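Asks: Quick one, structure for this:
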Amino acid sequence: MSHPVVEERPAAHGDALNLVRAAIAEAAGPEAALQRVVDLLHDRFPPYDWVGIYWVDGSDLVLGPWTGPEATEHTRIPIGTGVCGAAAASGQTEIVRDVAADPRYLACFTSTRSEIVVPIFDGGEVIGEIDIDGSDLDAFDDTDARFLEEIAALLAPLRPRT
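Replies: You can find the predicted model right below:
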């Protein structure tokens with residue numbers, strides 16, 4: 001009888017998942033929990049230069065908590081526009097290894113070289129996403145995608161109710 005091969009999660013990701021769970025449990029409320037999570041991801045993973053959460057609002061993505069060197073001008077993005085909008089439309093994680101080579105990329109910062117966008121689901125429906133920019137080319141891979149998909153599942157219950 002053969003057993004499926006199980007890929008090991010990097011220790012840093014496992015530690016961060018535990019910290020995220022604790023941060024959510026200890027936070028004063030959903031908004032505080034979300035801010036703690038973006039801060040934790042930014043602070044623990046040097047390639048994660050800018051970390052933000054967008055929530056679906058009608059046919060747009062609206063910027064929620066974020067952390068990074070500066071604010072983005074893209075606080076509202078139509079679903080289907082840019083890498084963020086593409087991930088929201090398809091429900092698929094998007095890894096852009098070189099933003100200069102991707103015509104969908106909406107330029108935010110001159111330092112950004114790569115991006116990863118991970119949808120947040122509730123009942124199979126995209127309700128938001130994690131957006132991370134990196135200043136290095138090829139900063140994100142499938143390991144980051146799997147890790148951030150686990151984080152996204154933890155964030156889904158924290159969605160602001162309108």
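Asks: So what pairs up with the residue nearest the centre of the chain in the strands?
Replies: Central residue of the chain (C-alpha atoms, centre = their mean): Ile130, 2.0 Å from the mean position. Beta-bridge partners for Ile130, by DSSP bridges, are Ile53, Val118.
Asks: got the residue ranges for the helices in the chain?
Replies: Under the criterion DSSP state H, the chain contains helices at 11-26, 30-44, 82-90, 142-155.
Asks: Could you check how far the residue nearest to the centre of the chain is from Gly91?
Replies: Between Ile130 and Gly91 the distance is 14 Å, computed by C-beta to C-beta, to the nearest Å. Yep, even glycine has a C-beta here, placed from its N, CA and C like the rest.
Asks: How about the contacts made by Ala16?
Replies: For Ala16, the contacting residues are Leu40, Leu41, Arg44, Phe45, Phe147, by C-beta atoms under 8 Å, 6 or more residues apart in numbering.
Asks: State the pair within these that is farthest apart.
Replies: Leu40 and Phe147 (12.5 Å; C-beta to C-beta).
Asks: thinking again about what came up before, out of the contacts of Ala16, the closest to Gly68 would be?
Replies: Nearest to Gly68 among the contacts of Ala16, with distances taken as C-beta to C-beta, is Leu41, at 10.6 Å.
Asks: so how far is Gly58 from the residue lying closest to the closest one once chain neighbours are set aside?
Replies: Nearest non-adjacent residue to Leu41, counting by C-beta to C-beta, 6 or more residues apart in numbering: Val51, 4.8 Å away. Applying C-beta to C-beta, the value for Val51 to Gly58 is 24 Å.
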